[in-house]
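Student: Quick one: sequence and predicted model below, then my questions.
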Amino acid sequence: MAVKGKGANSKKRAAARREQPAVESEFSRAKNIDVPSDPEYSSGDDDDDNVEEGDFDEILREMAEDQGIDPSDVESEVEDDYIAGDSLDEGEEEEDEDDESDIHSSDIDGASSEDGDEADSEEGEDDDDDEKEEEGGSLLVRSASRATDGQDTAVDSEEEQDGQEETKLTIFDFGKDLAAWKDYRKTLPQIEAGYASDSSTEEPANTIGNVPIEWYEDYPHIGYDIDGKRIMKPATADELDKFLANMDDPDVFRTARDETSQQDVKLSEEEIDIIRRIQGGSIPDAEFNPFEDTVEWFTSQTMQTPLTGAPLTKRSFVPSKWEHKRVMKIVRAIRQGRITRPAPKETKPRFYDVWEKAAEEDSGAAANVGRHPRLAAPRMSLPTHEESYHPPAEYLPTEEERQAWLDQDPDSRKRNFLPQDFESLRSVPGYSRFIQERFQRCLDLYLAPRMMKKTTQLDSEELMPKLPDPRDLRPFPSAEALVYNGHTGRVRSISVDPTGLWLLSGSDDGTVRLWELVTGRCARIWNLKETVHMVSWCPNAEVCVFAAAAGSRVVVVIPSDLCDDQKRIVSEEFVRAGFDAAAKENDEDADDSSLPVSWDMPTSAEQAQGTHISIVFHKGVKSVVWHKRGDYMATLTAEEGGSSVLIHQMSKHKSQRPFRKLKGAVQCVKFHPTKPWFLVTTQRYVRIYNLVQQALVKTLQPGVKWISSVDVHPQGDNVIVGSYDKKLSWFDMDLSVKPYRSIRYHKQAIRQVRFSRRFPLFATASDDGTLQVYHGMVYQDLNQNPLIVPLKILRGHEIHNSLGVLDCLFHPIQPWLLSAGADGTIRLWT
């Protein structure tokens with residue numbers, strides 16, 4: 001019987017192996033999933049089971065002993081039902097295969113006669129089981145039989161398994177009836193190792209732990225698995241793929257990115273509710289009750305009995321010996337003076353009695369040391385005639401004034417009452433605003449801040465700078481001595497020869513006049529037929545030559561009537577030497593062809609008047625300045641760029657352009673009296689260049705809008721600048737590029753500024769028709785600042801077409817001042 005059962009089980013397992021590929025093919029066709037083959041069926045050996053023969057019997061014996069059942073009682077039952085070498089799993093396979101043979105009976109062909117025996121043996125076994133169930137008759141067996149009722153087959157669909165919830169029983173629910181437990185195991189469905197139970201295709205999770213994910217930005221992996229292999233990062237899509245995925249995903253708004261696992265996590269309803277609560281500023285936990293009743297963990301009620309019945313310690317009622325010694329030690333230190341009481345701190349009061357009476361202050365003067373001085377309350381103004389009950393008639397308002405006072409706003413009224421006239425004091429009624437004014441007075445006394453005003457008694461004379469008396473600074477020009485009349489137009493320029501005997505003047509009438517300076521006699525006239533902008537004597541005392549700028553040319557003239565024969569010969573050689581040098585250097589003159597200037601011989605008529613050289617320019621000439629040696633001459637024309645400033649050499653008849661490019665329109669130029677420096681004045685700045693080094697030395701910044709003129713002190717360290725905005729600036733070039741002193745005394749534009757070559761004087765000429773003379777002492781000690789003192793204002797020129805004094809000049813020897821005005825006159829001030 002046992003051998004037959006064993007063979008039947010073997011044949012059933014063989015039939016199950018034959019049916020397994022058919023089941024896998026049907027599952028793959030239904031689900032379109034590749035079903036992996038089970039090695040248990042593919043091996044073909046019966047010895048692949050993990051449980052050895054006889055192990056299951058041992059397990060049943062141990063379980064029976066745990067429940068208090070004698071193993072000998074059930075040994076015979078186990079031998080009848082379980083054959084040696086068959087495990088519990090084989091019994092389950094028999095039942096499952098029996099059911100499958102009923103369902104798929106058409107698939108099994110050529111069944112042998114042994115199948116009938118197997119069926120008979122199975123029916124016999126079922127009959128034996130039924131008998132055992134009747135003999136047992138226990139409640140657990142009946143419950144097991146009820147649990148097995150309704151089981152159709154071992155293979156059910158997933159929908160039926162989900163819809164039908166069964167209560168799974170354990171071996172302890174059957175008590176001592178192991179046969180019922182065996183029958184119940186047969187009714188359970190077989191567990192097939194399908195695709196769903198395989199975990200080999202799951203993606204490994206992040207194993208780096210709670211580590212910043214940016215540490216792995218440069219690596220393709222995100223940790224290691226249990227075998228030490230790298231766990232690669234999940235593939236990330238680009239922005240377009242993310243956008244398309246978000247458009248198709250309805251849960252995109254409830255999805256968050258988990259940077260640790262590098263995956264998108266769908267938030268649950270509880271997590272979304274927590275986020276909403278945090279955004280709303282409420283408690284994240286929905287079940288938290290912030291208004292729970294207070295739990296009094298400690299009560300204030302005194303207990304009737306103590307918490308413990310332990311006896312009191314000795315130190316709770318016996319004085320401490322060590323505390324007594326410490327106290328006595330402190331007492332002895334106090335007695336010996338080693339511990340002293342700290343001195344009380346002097347605290348200043350927070351508030352002071354401002355309105356304390358003077359008598360109390362005097363009585364307690366000693367106690368009030370260090371306190372603020374008393375501030376008397378401001379007194380009210382005394383009543384005037386307007387506040388009288390019977391004022392004069394002139395203080396009483398008219399009806400128009402009364403109505404105008406009533407129409408005004410109360411805050412804009414000069415007084416808050418109108419004068420009234422009463423016959424007697426008894427007729428004066430009560431003042432309606434008495435309470436309001438008293439209250440306002442109290443507010444003023446209480447709230448208005450007051451402080452002690454320290455006034456210093458200063459004399460106005462002490463504020464004035466201590467300047468010397470002008471009478472102590474004589475000589476300086478103070479009065480008009482002579483007037484030179486003869487020009488019919490504006491006299492734009494004047495110049496005095498080095499000897500100080502002759503005066504040249506150029507005017508808008510196109511003439512240059514030679515004056516005898518002391519007598520005012522006109523010695524000679526040169527008609528240049530164009531406006532004469534500038535006349536200038538050559539500073540070389542060995543020659544008698546002057547230059548005049550008329551129109552677009554500069555003429556060099558030798559006044560032969562003023563000099564002796566020897567001086568005239570020297571002057572002619574000085575002027576004509578340039579023509580011989582120019583003839584020898586014709587090849588080199590080709591380089592100067594680009595300059596807007598040419599040296600020409602004057603006409604015969606001009607030569608008869610004494611003109612020896614004519615320097616022709618492309619545009620009008622505004623200024624002519626000589627170097628102190630007399631061989632060089634600088635001109636300023638209306639040309640644009642660097643060609644406006646040219647330097648000419650008389651001994652070679654050669655012109656050169658020192659600047660290729662200039663910043664701004666040039667107003668005037670000047671040679672430095674002691675250094676090889678050249679001053680170029682633009683509209684706002686005075687730039688000083690070194691002609692030898694061909695470099696910019698410094699830039700003076702007067703801080704004016706438009707510079708009109710500039711002059712250098714004979715010692716060369718100080719410069720004065722005049723401007724059209726009526727300001728005079730004094731510069732100390734060793735001190736700063738900013739003005740040392742700025743003076744603004746003129747009422748109109750300043751046209752010319754001049755230094756005296758012999759005396760500490762300088763003067764300014766303005767369009768207001770005045771000249772102002774100043775004392776300007778420059779000391780040899782560099783630590784002492786220059787002394788500038790206004791001396792005299794000279795008035796005499798008339799204003800024509802808003803133009804006053806156009807030029808001024810000091811005499812080279814005497815402390816005299818000459819001026820030329822728009823009224824066509826020249827005046828001498830001595």
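Tutor: Sure thing, it's come through. Numbering: from 1, shown residues only.

Student: quick one, what contacts Leu595?
Tutor: Leu595 sits next to 643, 646, 655-657 when contact means C-beta atoms under 8 Å, 6 or more residues apart in numbering. Quick note: C-beta positions are derived from backbone N, CA and C, even for glycine.

Student: now Phe574
Tutor: When contacts are counted by C-beta under 8 Å, 6+ apart, Phe574 is found next to 543, 545, 650-651.

Student: and which of the residues you listed is nearest His487?
Tutor: Each of those was scored against His487 by C-beta to C-beta, and Val545 proved nearest at 22.6 Å.

Student: quick one: that closest one from Gly610, how far?
Tutor: Spatial separation of Val545 from Gly610 under the definition C-beta to C-beta, to the nearest Å is 10 Å.

Student: if I look at these two, which residues touch both of them?
Tutor: 557-558.

Student: who's more crowded, the two?
Tutor: Looking at Val545 and Gly610 with other C-beta atoms under 10 Å, you find the greater number of neighbours at Val545, namely 24 against 19.

Student: pLDDT score for that one?
Tutor: At Val545, the pLDDT value in this model is 88.

Student: Pretty sure it sits against Ser560.
Tutor: No: counting by C-beta atoms under 8 Å, no contact exists between Val545 and Ser560, whose distance comes to 10.9 Å.

Student: most centrally placed residue in this protein?
Tutor: Taking C-alpha atoms, centre = their mean as the criterion, Glu214 is the residue nearest the geometric centre of the chain, at 31.1 Å.

Student: can you tell me how far it sits from Ile222?
Tutor: 12 Å.

Student: ditto for Trp526
Tutor: According to C-beta to C-beta, Trp526 stands 104 Å off from Ile222.

Student: what does His775 give?
Tutor: Counting by C-beta to C-beta, the gap from His775 to Ile222 is 93 Å.

Student: So which residues of the stretch 601-750 of the chain form strands?
Tutor: According to DSSP state E, counting those that start in this stretch, the stretch 601-750 of the chain carries its strands in the segments 611-617, 621-626, 632-637, 645-649, 654-656, 668-671, 677-681, 686-690, 695-700, 707-712, 718-723, 728-732, 741-743, 750-755.

Student: Quick one, grab the pLDDT at Asp70.
Tutor: The pLDDT attached to Asp70 in the predicted structure is 58.

Student: for the one 5 residues further on, same thing?
Tutor: The predicted local confidence for Glu75 comes out at a pLDDT of 48.

Student: low-confidence ranges in this structure?
Tutor: Residue ranges of the chain with pLDDT under 70: 1-168, 191-205, 302-303, 306, 352-375, 449-453, 580-593.

Student: List just the one of the strands of the stretch 601-750 of the chain that sits closest to Thr347.
Tutor: With C-beta to C-beta as the criterion, Thr347 lies closest to strand 741-743 of these, at 54.9 Å.

Student: Residues in contact with that closest one: which ones?
Tutor: Contacting residues not belonging to strand 741-743 are listed as 703, 727-730, 774, 786, 788, 790 [C-beta under 8 Å, 6+ apart].

Student: If we use 7 Å, what do you get?
Tutor: The contact list for strand 741-743, computed with C-beta atoms under 7 Å, 6 or more residues apart in numbering, reads 727-730, 788.

Student: hang on, the earlier thing: just send the strands of the stretch 601-750 of the chain back as CSV, with distance to Ser424 and mean neighbour count too.
Tutor: Rendered in CSV, the data for the strands of the stretch 601-750 of the chain read as follows (distance: least, C-beta to C-beta, whole Å; neighbours: other C-beta atoms under 10 Å):
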stretch, distance to Ser424, mean neighbour count
strand 611-617, 99, 20
strand 621-626, 89, 21
strand 632-637, 91, 21
strand 645-649, 94, 20
strand 654-656, 104, 17
strand 668-671, 86, 20
strand 677-681, 84, 22
strand 686-690, 83, 19
strand 695-700, 82, 14
strand 707-712, 78, 22
strand 718-723, 74, 25
strand 728-732, 72, 23
strand 741-743, 69, 16
strand 750-755, 73, 24
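
Student: want to throw those strands into CSV with distance to Ala235?
Tutor: As requested, the strands of the stretch 601-750 of the chain are arranged in CSV below (distance: least, C-beta to C-beta, whole Å):
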stretch, distance to Ala235
strand 611-617, 85
strand 621-626, 84
strand 632-637, 82
strand 645-649, 78
strand 654-656, 80
strand 668-671, 81
strand 677-681, 76
strand 686-690, 72
strand 695-700, 69
strand 707-712, 77
strand 718-723, 79
strand 728-732, 79
strand 741-743, 79
strand 750-755, 85
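
Student: of all the ones you listed, which lies closest to Asp409?
Tutor: strand 741-743 (47.7 Å).

Student: and that closest one, which strands flank it?
Tutor: Based on DSSP bridges, the pairing partners of strand 741-743 within the sheet are strand 728-732 (antiparallel).

Student: roughly how far apart are Lys266 and Ala256?
Tutor: As defined by C-beta to C-beta, Lys266 lies at a distance of 8 Å from Ala256.

Student: just Arg335 next, same as before
Tutor: 78 Å.

Student: Of the two, which one has the most company?
Tutor: Between Arg335 and Ala256, counting by other C-beta under 10 Å, Ala256 is the more crowded of the two (12 against 9).

Student: pretty sure Cys442 is in a helix, no?
Tutor: Yes: secondary structure of Cys442, determined by DSSP: H, G, I helix; E, B strand; the rest coil: located in a helix.

Student: That one: how many residues sit nearby?
Tutor: When neighbours are counted by other C-beta under 10 Å, Cys442 registers 10.

Student: what does Arg568 give?
Tutor: Under the criterion other C-beta under 10 Å, the count of neighbours that Arg568 has is 18.
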